[in-house]
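[1] A predicted structure for the sequence below; I have some questions about it.
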Amino acid sequence: MKKRIGILYPFTGKTFGGSHVSVINMIKKLDNKLFHPIVFLHKKGRILEVLKKEKIEFIYDKNIDLVKSNNFIQFFIFSLKNYFKIKKVFKANEIDIVHSNDGLIHATWNIPTILNFKKFIWHIRSRDDSRRLSIYAFFASKILSISKFCKEGITRAFSHKVKVVKNFFSEIKENKINGSNKFKTISFVANYKSQKRPELFFEIINKLNYKKNNLKFNVFGSFLINEKKNLLNLVSSKKTRKKIIFKGHKFPIDSHINNSDIILCLGEREGFGRVVIESMLNKVLIIATNEGGHKEIIQNKKNGILVDSKNINKFVSEIKHYLDKKIERNKIIDNAFKFAKKNYIIENKVKVIEDIYQKLI
């Protein structure tokens, strides 16, 4: 019997976000007769419990040092230090391909993988225009990009290696919850990162004097106590602050957001915008910043709303408009659901990834 192709997905392990969800959804779709996927964790964190729950095989090993410096000399020194440790992991688990999904992992696993004569896939999930990209691209066997926006950061000399592939999503099984007419819910989904701009969400709340005064706000993601405190200080009204609920990290997210009326996606230079598609599939109106990967998904006023990232007043006015105009809101929601289901569920086949793996071996 032909040996299954061994694929290793290394992660730092400490955080859990959209890239982890995408990889988990992809692994669950792979043909287990042809592929042997294993997740590698450098540290223990939320993802470890998720992998156990999803019954996905993983390795935890804190002894392989993460490359944290952008210095080229340090990059190569750490690569050589990790070479034999990584070689041991490859041999013990019969790994053929390393599929990398974030910057620290690219830097840590890139050179040792190539020196061990294994294939290295660099999966770009955020836009980065730094010069180190040329090194990653040079030593990558294949480059995958989650959007055209991210692909544009790669120099043309390596364009032959790059393929734009869609993120993977699960079919939504739960029916949308019909919320009470008493409240309208506006949600924000992201961990505390400057790129995601949670501060903007709270600044919008502070300016959102909705006439019916029946709003509540859900915040999904990992936030420390001091981060929550700093964000709440951006809202002047004590009464409004009581309507803001930090829900914590949720996976899967669907059953937690499908009773929202509007979800705001406020990131700058987003490589893709996983929350955008999740909102569409859960029949929630998405209002997003008009930049990055968002523009590749959203057609303004057709399947979502795009707003200039610096225009707080426009965000406020659009929220008020679509809270009041239920027919308009539902038309956009219906269009968005059909678009997302067609492009990211029905026609988004994992065979695209499987073919890439098989051609590399």
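    That came through fine.
[2] roughly how far does T185 sit from K216?
    5 Å (C-beta to C-beta, to the nearest Å). Heads up, the C-betas are built off the backbone N, CA and C, glycines and all.
[3] then I105?
    In this view, I105 and K216 are 38 Å apart by C-beta to C-beta.
[4] these two: which is more packed in?
    I105 (23 against 18; other C-beta atoms under 10 Å).
[5] the more buried one: what secondary structure?
    Classification of I105 by DSSP: H, G, I helix; E, B strand; the rest coil places it in helix.
[6] I'd say it and L8 touch.
    No. Using C-beta atoms under 8 Å, I105 is not in contact with L8; the gap is 10.3 Å.
[7] residues contacting the closest residue to S147 other than its chain neighbours?
    Ranked by C-beta to C-beta, 6 or more residues apart in numbering and with sequence neighbours excluded, the top spatial neighbour of S147 is G293, at 4.0 Å. Going by C-beta atoms under 8 Å, 6 or more residues apart in numbering, G293 touches 146-147, 149-150, 270-273.
[8] can you give me the end-to-end span of stretch 218-237?
    17 Å (C-alpha to C-alpha, to the nearest Å).
[9] quick one: buried residues of that stretch?
    218-223, 231, 234-235 (16 or more other C-beta atoms under 10 Å).
[10] related to what we said a few turns ago, would you turn the contacts of G293 into CSV with secondary structure?
    Below are the contacts of G293 laid out as CSV (three-state DSSP):
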residue, secondary structure
I146, coil
S147, coil
F149, helix
C150, helix
E270, coil
G271, coil
F272, coil
G273, coil
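[11] most neighbours out of those, which is it?
    With neighbours taken as other C-beta under 10 Å, the top of the contacts of G293 is E270, carrying 29 neighbours.
[12] host element of the residue nearest to that residue when sequence neighbours are not counted?
    Of all residues not flanking E270 in the chain, G292 sits nearest, at 4.2 Å (C-beta to C-beta, 6+ apart). G292 belongs to no helix or strand when assigned by DSSP states H and E.
[13] what about the residue nearest to S147, distance to G273?
    5 Å.
[14] over to A288?
    According to C-beta to C-beta, A288 and G273 sit 7 Å apart.
[15] compute the first-to-last residue distance for stretch 299-315.
    17 Å.
[16] can you give me the buried ones in that stretch?
    303-307, 309, 312, 314-315.
[17] and stretch 7-21, by the same measure?
    7-13, 15-21.
[18] turn the contacts of G293 into JSON lines, including pLDDT and distance to K243.
    Formatted as JSON lines, the contacts of G293 follow (pLDDT from 0 to 100; distance: C-beta to C-beta, whole Å):
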{"residue": "I146", "pLDDT": "96", "distance to K243": "34"}
{"residue": "S147", "pLDDT": "96", "distance to K243": "34"}
{"residue": "F149", "pLDDT": "95", "distance to K243": "35"}
{"residue": "C150", "pLDDT": "93", "distance to K243": "36"}
{"residue": "E270", "pLDDT": "94", "distance to K243": "27"}
{"residue": "G271", "pLDDT": "94", "distance to K243": "32"}
{"residue": "F272", "pLDDT": "94", "distance to K243": "30"}
{"residue": "G273", "pLDDT": "91", "distance to K243": "26"}
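[19] which one of those residues is nearest L66?
    G271 (21.2 Å; C-beta to C-beta).
[20] residues contacting the closest one?
    Residues in contact with G271 (C-beta under 8 Å, 6+ apart) are 124-127, 146-147, 149-150, 292-293.
[21] let's go with 7 Å and repeat that
    125-127, 146-147, 149-150, 292-293 (C-beta atoms under 7 Å, 6 or more residues apart in numbering).
[22] closest to K91 among those residues?
    R125 (28.7 Å).
[23] for D261, see how far away the closest one is.
    29 Å.
[24] before we move on, the earlier item: farthest-apart pair in the contacts of G293, please.
    Between all members of the contacts of G293, the farthest pair (by C-beta to C-beta) comes out as C150 and G273, at 11.5 Å.
[25] low-confidence bits of this structure, can you list those?
    Applying pLDDT under 70 to the chain flags the ranges 1-2, 69-71, 131-133, 174-181.
[26] which residue ranges of it form strands?
    Ranges of strands in the chain, per DSSP state E, are 5-11, 35-41, 58-60, 97-100, 119-124, 142-145, 162-164, 184-189, 215-220, 244-248, 262-265, 285-289, 305-307.
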